[in-house]
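the following block contains a protein sequence and its predicted model.
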Amino acid sequence: MEGSVILLDFWPSSYGMRVRIALAEKGITYESKEENLGEKSPLLLEMNPVHKMIPVLIHNGKPICESHNILQYIDEVWHDKSPLLPSDPYERSQARFWADYVENKIYKIGKRVWKVKGEEQEAMKNEFIECLKRLEEELGEKPYFGGETLGFVDVVLVPITSWFYTFETFGNFSIEAECPKLISWVKRCLEIESISKSLPDPLKIYGFAKQLLFGVE
Amino acid sequence: MSQVRLLGARHSPYVQRAKWALNLKGVEYEYLEQDLLKKGPVLVQCNPIYKRVPVLIHGGKFIAESFIIVEYLDETWETSPLLPRDPYQRAMARFWAKFAEEKFADVMRQVVISDGENQEKEVKNAKEALEILEGELKGNKFFGGENVGFVDIIFGSFISVCLDVMEEVGCVKVFDSQKFPSLAKWNEDFLEIPAIKETLPEREHMVRYFSRSRRFNLAMVAKKKRGKLLDV
């Protein structure tokens, strides 16, 4: 069933982390190839000619691009273990809705909140926190967004939490103070091996971010 | 099967996607026009996060966002499948639908509300996306193969339905049937399908909507520029 599985990745990428988690959850053996985004490999350019971005999953020589797509593909092919999406169409639609919300709000704001300054940053921080609070409401009393076990939304959201230390330090705010329930969810997720092994140390991410913004340390 | 309702707006290409999916699958539904300038309690209750259309109501449950509605319909009604069965082909369909959305539809919305150099840049981006989509059709009748599929619905909601209105309102030309002969043929074939052509929005509503959008956005840009001048 497995065939050859290769992941084109970049270690600080939250999008790449999603795929690492899914592959680990499903117990899939794969080869990871680290890309240098300043000098993209011929393989990446061949496998994702449209966007030239990671992550790309190459399964038996065929590329699948875009992290949400890759997660759904993995879930559909390796459907016998740790399902990420529910089987009921309505529940699936809700999982996709919240995964989209995470993408359009949390990731979109997160990408910029640590790079901007002044009034713009204040406004972004407020919106970021509001959106995280909305997610806390959606989580409710469940241990995970997927219910009793990890689901699609958990896998889509959790990687960006490795960037929280960076956002908080650059933005001078505390996410835990504003969203304690969400941080409890993060800690619960990090007890799961497929997640703790797939997420880099937040301090390492911070070092990478500083290098990105300010040049060589 | 429980009753199906669709909350929509006459001008919206996003609502169009849901209508086409319902029609292609032969699902009967009640259409409820929403006033997006004065959003009613029904819309706010059904889509509290975004307060926008389309929203599908099925068996008392609400499903929002056009991509998600179309996939839900495909998973609930098996007639006329819109996504392939094979996981790899499904991944490809989802990829190209997202491409059509982000690189063409979203870009065209920017084309409509911008002018000058900004607009020129967006027109260039839109044309590049069309070139890529022209290539992706690969001699097939539709992106879905012999039959209409997910990508056709997503792409068609902009190119077949409101592109010429957007070009008129934005005072630009984006689509050239000589440059994109495969897409031009695709468009003809797409609009021949009964389930597609029997529910097309009225042009005047789209002209009104996009004109208002353009006026509003250009005024906001001018206001910001004036504000910056006063700051000096």
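Arrived safely.

which residue, other than its chain neighbours, is closest to A:Asp9?
Of all residues not flanking A:Asp9 in the chain, A:Gly16 sits nearest, at 4.1 Å (Cβ to Cβ, 6 or more residues apart in numbering or on different chains). Where you see a C-beta, it was placed from the backbone N, CA and C, and this is true even at glycine.

am I right that the one you found is in a helix?
Yes. Under DSSP: H, G, I helix; E, B strand; the rest coil, A:Gly16 sits within a helix.

can you give me the pLDDT of it?
At A:Gly16, the model reports a pLDDT of 98.

equivalent analysis for B:Gly227, please.
pLDDT at B:Gly227 comes out at 82.

next: A:Asn104.
95.

just give me the neighbour total for it.
Around A:Asn104 there are 14 other residues, counting by other Cβ atoms under 10 Å in any protein chain shown.

the one 10 residues further on now?
Counted with other Cβ under 10 Å, the neighbours of A:Trp114 add up to 20.

hang on, the earlier thing: residues contacting the residue nearest to A:Asp9?
A:Leu7, A:Asp9, A:Phe10, A:Ile54, A:Pro55, A:Ser67 (Cβ atoms under 8 Å, 6 or more residues apart in numbering or on different chains).

chain A contacts on chain B?
B:49, B:58-59, B:61, B:63-65, B:67-69, B:71-72, B:75-76, B:87-88, B:90-91, B:94-95, B:98-99, B:132 (Cβ under 8 Å from any Cβ of the partner chain).

need the buried ones from those residues selected in ChimeraX.
Buried residues among these (16 or more other Cβ atoms under 10 Å in any protein chain shown), as a ChimeraX selection:
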select /B:49,58,63,64,65,67,68,69,71,72,75,76,87,88,90,91,94,95,98,99
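
please flag which of the residues of chain B next to chain A sit within helices.
B:67-69, B:71-72, B:75-76, B:87-88, B:90-91, B:94-95, B:98-99, B:132 (DSSP state H).

which of those residues sit farthest apart?
Largest separation among those by Cβ to Cβ: B:Thr76 and B:Ile132, giving 31.8 Å.

now A:Ala22, nearest residue through space, not along the chain?
A:Ile74 (4.8 Å).

give me the low-pLDDT residue ranges for chain B?
B:1, B:231-232 (pLDDT under 70).

how is it carved up into domains?
Domain segmentation of chain B under automatic domain parsing yields B:4-76, B:87-197.

residues of chain A that sit close to chain B?
A:50, A:59, A:62, A:64-66, A:68-70, A:72-73, A:76-77, A:89-90, A:92-94, A:96-97, A:100-101, A:134.

recalculate using a threshold of 6 Å.
A:62, A:64-66, A:69, A:73, A:76-77, A:89-90, A:93, A:96-97 (Cβ under 6 Å from any Cβ of the partner chain).

in contact with B:Glu134, which residues?
B:Phe180, B:Ser182, B:Leu183 (Cβ atoms under 6 Å, 6 or more residues apart in numbering or on different chains).

what does the domain assignment say about chain A?
A:5-77, A:89-214.

report the distance from the longest one to the chain centre.
Okay, so that is domain A:89-214. Computed by Cα atoms, centre = their mean, to the nearest Å, the chain-centroid distance of domain A:89-214 equals 8 Å.

first-to-last residue distance for it?
For domain A:89-214, the first-to-last residue distance is 47 Å (Cα to Cα, to the nearest Å).

any weak-confidence spans in chain A?
Within chain A, the stretches falling below the threshold (pLDDT under 70) are A:1-2, A:216-217.

got the contact list for the longest helix seen in it?
For chain A, the helix with the greatest residue count under DSSP H is helix A:118-139. For helix A:118-139, contacts defined as Cβ under 6 Å, 6+ apart pick out A:Lys105, A:Ile106, A:Ile109, A:Val113, A:Phe145, A:Gly171, A:Phe173, A:Glu178, A:Cys179, A:Lys181, A:Leu182.

go with 10 Å
A:94, A:97-98, A:101-102, A:104-106, A:108-110, A:112-116, A:145, A:153-154, A:157, A:164, A:167-168, A:170-175, A:177-185, B:48-49 (Cβ atoms under 10 Å, 6 or more residues apart in numbering or on different chains).

same for the next helix or strand after that helix, what does it pack against?
Using DSSP states H and E, the helix or strand that directly follows helix A:118-139 along the chain is helix A:152-157. Under the contact criterion of 3 or more Cβ pairs under 10 Å, 6 or more residues apart in numbering or on different chains; DSSP states H and E, helix A:152-157 touches helix A:14-25, helix A:67-77, helix A:89-101, helix A:118-139, helix A:180-190, helix A:193-196.

send me helix A:152-157 as PDB with only the CA atoms.
This file holds the C-alpha atoms of helix A:152-157, laid out as PDB (Å, rounded to 0.1, in the frame of the first residue of the first chain):
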ATOM      1  CA  PHE A 152      -8.000  17.700  10.700                       C
ATOM      2  CA  VAL A 153      -8.400  21.000  12.500                       C
ATOM      3  CA  ASP A 154      -5.900  20.000  15.200                       C
ATOM      4  CA  VAL A 155      -3.300  19.000  12.600                       C
ATOM      5  CA  VAL A 156      -3.900  22.200  10.600                       C
ATOM      6  CA  LEU A 157      -3.700  24.500  13.600                       C
END
